[in-house]
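# Dropping a prediction and its sequence here:
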Number of protein chains: 4
Amino acid sequence: MLTLSAETARGKVADYIPQLAHVDPKQFGIAVCTPDGQLYSAGHANTPFSIQSISKVFTLTIALGKMGDGIWKHVGREPSGDPFNSIVQLEHESGKPRNPFINAGAIAVVDAIMMGHEPKETLAEILNFVRFIAQDNSICFDHKVAASEMEHRDRNASLAHFMKAFGRLRHDVDKVLGTYFHQCAIAMNCEQLARAGLFLVSDGIDKATNTRVVSAQRARRINSLMMMCGHYDGSGEFAYRVGLPGKSGVGGGILAIAPGKGSIAVWSPGLDALGNSYLGTRALEQLVQKTGWSVFGH
Amino acid sequence: MLTLSAETARGKVADYIPQLAHVDPKQFGIAVCTPDGQLYSAGHANTPFSIQSISKVFTLTIALGKMGDGIWKHVGREPSGDPFNSIVQLEHESGKPRNPFINAGAIAVVDAIMMGHEPKETLAEILNFVRFIAQDNSICFDHKVAASEMEHRDRNASLAHFMKAFGRLRHDVDKVLGTYFHQCAIAMNCEQLARAGLFLVSDGIDKATNTRVVSAQRARRINSLMMMCGHYDGSGEFAYRVGLPGKSGVGGGILAIAPGKGSIAVWSPGLDALGNSYLGTRALEQLVQKTGWSVFGH
Amino acid sequence: MLTLSAETARGKVADYIPQLAHVDPKQFGIAVCTPDGQLYSAGHANTPFSIQSISKVFTLTIALGKMGDGIWKHVGREPSGDPFNSIVQLEHESGKPRNPFINAGAIAVVDAIMMGHEPKETLAEILNFVRFIAQDNSICFDHKVAASEMEHRDRNASLAHFMKAFGRLRHDVDKVLGTYFHQCAIAMNCEQLARAGLFLVSDGIDKATNTRVVSAQRARRINSLMMMCGHYDGSGEFAYRVGLPGKSGVGGGILAIAPGKGSIAVWSPGLDALGNSYLGTRALEQLVQKTGWSVFGH
Amino acid sequence: MLTLSAETARGKVADYIPQLAHVDPKQFGIAVCTPDGQLYSAGHANTPFSIQSISKVFTLTIALGKMGDGIWKHVGREPSGDPFNSIVQLEHESGKPRNPFINAGAIAVVDAIMMGHEPKETLAEILNFVRFIAQDNSICFDHKVAASEMEHRDRNASLAHFMKAFGRLRHDVDKVLGTYFHQCAIAMNCEQLARAGLFLVSDGIDKATNTRVVSAQRARRINSLMMMCGHYDGSGEFAYRVGLPGKSGVGGGILAIAPGKGSIAVWSPGLDALGNSYLGTRALEQLVQKTGWSVFGH
């Protein structure tokens, strides 16, 4: 379907934690899940990888379910114009993160959904939700990755302590970070991930099981946030080239939603300069060109 | 169709130039142009207003036609996270504006399309293009508004001289600004504006006249830029609430594109804190809720 | 000597940690130590207070003794133009603090002088040095203040983790912070503090005991850093009004050096908007007006 | 006296305007003027050069004479931590420049002293003052340099228009810039410049003619501003290495004041990375080491 065979450039595997640096950069997988739940896949579509920041879409969905628009007291919804781990904006805006998809924002979201519970309980809630929307109870945390992230937590610890200093986190910083790193360390393969995104394809309904997961308005709003902020300071580039709401992770995965058409998961560990999957982005670009699935055309 | 009658809050008319401050804030107009060119309108849909920054969509289209991707040497395509007239980003990024819709970016675009010609020639080209896509030769510049903007040009002059200092403008600063202010001073009414946006509804084809204006890919990309950057640091908010590519102007107009469905122009002079039409945004929000035209649903 | 009796405004006591918030704001003390070691004092000159950031002068002196100009690999020596706890500059300059007197810089200095040792050992070294230059072995840490700072460490923890993420701290963040907070929690009274500054008055020689503490060049350089950076983003104001190298602490103390003339310690807990002692600054201003001790006159 | 003979590195001549780029970088001059007006000089001490930003000391003195502390409504007195031509700080602080020695601040000062007069009149006033303090009526503007700066004014025009947009300039931008560029284009040699600084050596009195130029307090305050802000973001470095109040210009000149000891002018056109004379700074460093004139020692 796609002509990536000629691609030799593949970007650079994330190396800020050893667990991610070990992944073989030659791998590539893709899966498309159509509204009826049918899966089409190619390549390493059954190899689990660390979904990392893609998990932020799921925790945001949980947060909206728990507190509705109340979550926007904790986090904004504008593109930041800055890299995923920037702290400059936090200082200029009194510790309130610009959106739920930069690291600071995702940390604020996980703090918000903890609601006084222990990390274990919150993590169970997150995992259960992901298993439910993916219709797959085999999905698990990769504890080694989580532990490795905790060990190299300094940049995120800086963000968390900064927000805490402004009274923006209610829970203990290390507990919030522990929960956040586990959330990011969920391991999924392309097929599972594409399936998990299905509820965003059909206005909040998982049409394969005929279950409403969220309201139509909420599904659209989550998609809008993925479009505007899903690729950090590369979000404009992704919208320009791919034209779909999408969320990337440093593990090399991207989840993209074509409303009414399908949920797409791609994975290739090599990253471009902004931290998004190099081949994954190209694959999505080609897919959209061939299918015309861009939300900006018809 | 819309229930704005209960709205008493209307925002504040732009007052940085006297010509805009004089406009009656009670006015409201809306027009929808369907793919076949049929117009539906209500309120003051035939009252001309200053399109201001909405013109940036048209000059970007001209620039892409003249130099294709070459325009991206002059301007980026990422949301800036800053207000429309911010200069901070310019200093941090060597005078290259983040996107073509902030003021600095639009000034860089007009400099790029001048290509050594005099303002008069470039302005004729811009006006001809707007008349062509709107299918209306009565559209004109409001020279009083342009003169008033030139008189109060300091903030934009600062941006232009800054870019010139970095070698990013080829023409005389005052000539570029004169051209820019005239482009912003094009006067159109909602019906004309909705009609002018039609080519972006159907993948670059004006279906009413069966004319291809730009390629499908280009139309989609212009839409993506409107979505990501069309409302400055309120772009995320507009995407969240309205869910359509849109471009606002301080004259109180907004052009929004629902691919495959229609081109919508709203106008109400009162602005919100970020400089976007207060009632116009609400009207679009209601319209999309009723029609389901959000690009993020289906 | 001074006419502060008419002053009713006294600023606001630091309240970011409870231990400092409890101090009675009505207190005021001053001590001047002349080159021969003679002390002149008034008011609450024998009441111990938390020297806080004034300690940064002493740890910088230790660092210069241990590694000479090597310390400038860890920290710069320019005014920052930012508040004491700003993190923006750190992100723009890859985690290297602008100078040793902003919080981030002082944390980098304490990390540098730890040299693989435990906090206890480093703290013993710092305390011994302070006791030596003050010629007073009764000087101690206030462990309650240190514990209170550790409990409310988020802002400083953010700075430390940020630097650690850039590889700029060699030791464990909590150990560095523990050492830093104890250093800041040294309790001294005005007489002890004025005495401790004596070596900076006479080109590095404590003339009262005829001991060279540092070289003449080093003493001058430490004074230059106090002048340029000793009052954060109020350093220009202090130089303008007082005209002496000085270092303030949020405990309300200020140490000022008049080369060849004397070492002055003032203390009054109420702070101005920039976090410097309100009455202390006024007292120094009057003292310099009456004595002509400004380094900018003769 | 100085051992600069071994120096082969000489920095880079300012090349942002052609008139400055033409200067022979091999030249070096120095002059010291003692309180009694006696001049000691070496090298090209009689070759005129463009004093550029050193002129800001003289216009600040004039401004303080005309409006006293009223000038501080127009400009601050804190180090900026930014390069001489940065605009970022202006945006963050509503168009008010941090201090009178960055370009924006000096432009605000010249606007303040114009007081409704034409550039010609203000320039006559500035030149008369400089001739008076230098006791030399032969000092003139270099109109070629001024014209060249006006032609390449974009960066400064950006700063001026920015301030004008915030209502911080009262006069026409081009008139203010014309005055500013002429002020900067005053041509003086080292002997004239050292003589001109004499009133800052002895608390405001020109002891050679026994004339009070400014009050003692004002002389000290001008010196404090030179110390804190005289070398832009290299001010800390200059204070650390030289330890005297000083003001540099991109023409390669530096005026330094040793209170009670002498006024020193050095000139060598090659600049370091921050825009300050490379050899000039080294010469001052050696001079202070040999004479012990640092204000931070005694």
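Structure's in. What do you need?
# Only C-alpha atoms from now on, for both contacts and neighbour counts.
Fine.
# Could you check the pLDDT of A:Arg195?
A:Arg195 is assigned 98 on the pLDDT scale.
# swap that for A:Glu191, please
pLDDT at A:Glu191 comes out at 98.
# Could you check how far it is from A:Val266?
9 Å (C-alpha to C-alpha, to the nearest Å).
# Need the distance between the two termini of stretch A:237-248.
Span of stretch A:237-248 from end to end, C-alpha to C-alpha: 13 Å.
# Tell me which residues are up against that stretch.
Identification of contacts with stretch A:237-248 by C-alpha atoms under 8 Å, 6 or more residues apart in numbering or on different chains yields A:53-54, A:57, A:223-228, A:230-231, A:254-258, A:276-277, A:281, A:284-285, A:288, A:293-296, B:77-78, B:220-221, B:224-225, B:228, B:296.
# Near chain D, list only the ones from those.
Contacts with chain D are made by none of those, judged by C-alpha under 8 Å from any C-alpha of the partner chain.
# Select from those residues every entry located in strands.
A:Ile254, A:Leu255, A:Ala256, A:Ile257, A:Ala258 (DSSP state E).
# For these, give me TSV that also has pLDDT.
Below are the ones in strands among the contacts of stretch A:237-248 laid out as TSV (pLDDT from 0 to 100):
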residue	pLDDT
A:Ile254	98
A:Leu255	98
A:Ala256	98
A:Ile257	98
A:Ala258	98
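# As TSV, the residues you listed with neighbour count and distance to chain B would be great.
Formatted as TSV, these follow (neighbours: other C-alpha atoms under 10 Å in any protein chain shown; distance: C-alpha to the nearest C-alpha, whole Å):
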residue	neighbour count	distance to chain B
A:Ile254	30	18
A:Leu255	30	15
A:Ala256	29	12
A:Ile257	31	9
A:Ala258	27	8
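# Greatest separation within those: which pair is it?
Largest separation among the ones in strands among the contacts of stretch A:237-248 by C-alpha to C-alpha: A:Ile254 and A:Ala258, giving 13.0 Å.
# which residue is nearest the centroid of chain A?
In chain A, the C-alpha nearest the mean C-alpha coordinate belongs to A:Ile54, at 1.3 Å (C-alpha atoms, centre = their mean).
# Which one of the ones in strands among the contacts of stretch A:237-248 is nearest to chain D?
Of all the ones in strands among the contacts of stretch A:237-248, chain D sits closest to A:Ile254, with 35.7 Å by C-alpha to the nearest C-alpha.
# residues near the closest residue to that closest one other than its chain neighbours, how many?
In this structure, A:Ile254 finds its nearest non-sequential neighbour in A:Ser248, 4.2 Å apart by C-alpha to C-alpha, 6 or more residues apart in numbering or on different chains. A:Ser248: 31 surrounding residues under other C-alpha atoms under 10 Å in any protein chain shown.
# need the contact list for the residue nearest to the centre of chain A.
So A:Ile54 contacts A:Cys184, A:Lys247, A:Ser248, A:Gly249, A:Gly253, A:Ile254, A:Leu255 (C-alpha under 8 Å, 6+ apart).
# please redo it, this time with the cut-off set to 6 Å
A:Lys247, A:Ser248, A:Gly249 (C-alpha atoms under 6 Å, 6 or more residues apart in numbering or on different chains).
# Next: A:Val75.
Contacts of A:Val75 (C-alpha under 6 Å, 6+ apart): A:Lys96, A:Pro97, A:Asn99, A:Gly105.
# mind listing which of these are in helices?
A:Gly105 (DSSP state H).
# For the contacts of A:Val75, work out which two are farthest apart.
Applying C-alpha to C-alpha across the contacts of A:Val75, the maximum distance is between A:Lys96 and A:Asn99, 8.8 Å.
# who has more neighbours, those two?
Shown here are A:Lys96 and A:Asn99; by other C-alpha under 10 Å, A:Asn99 has more neighbours (26 against 23).
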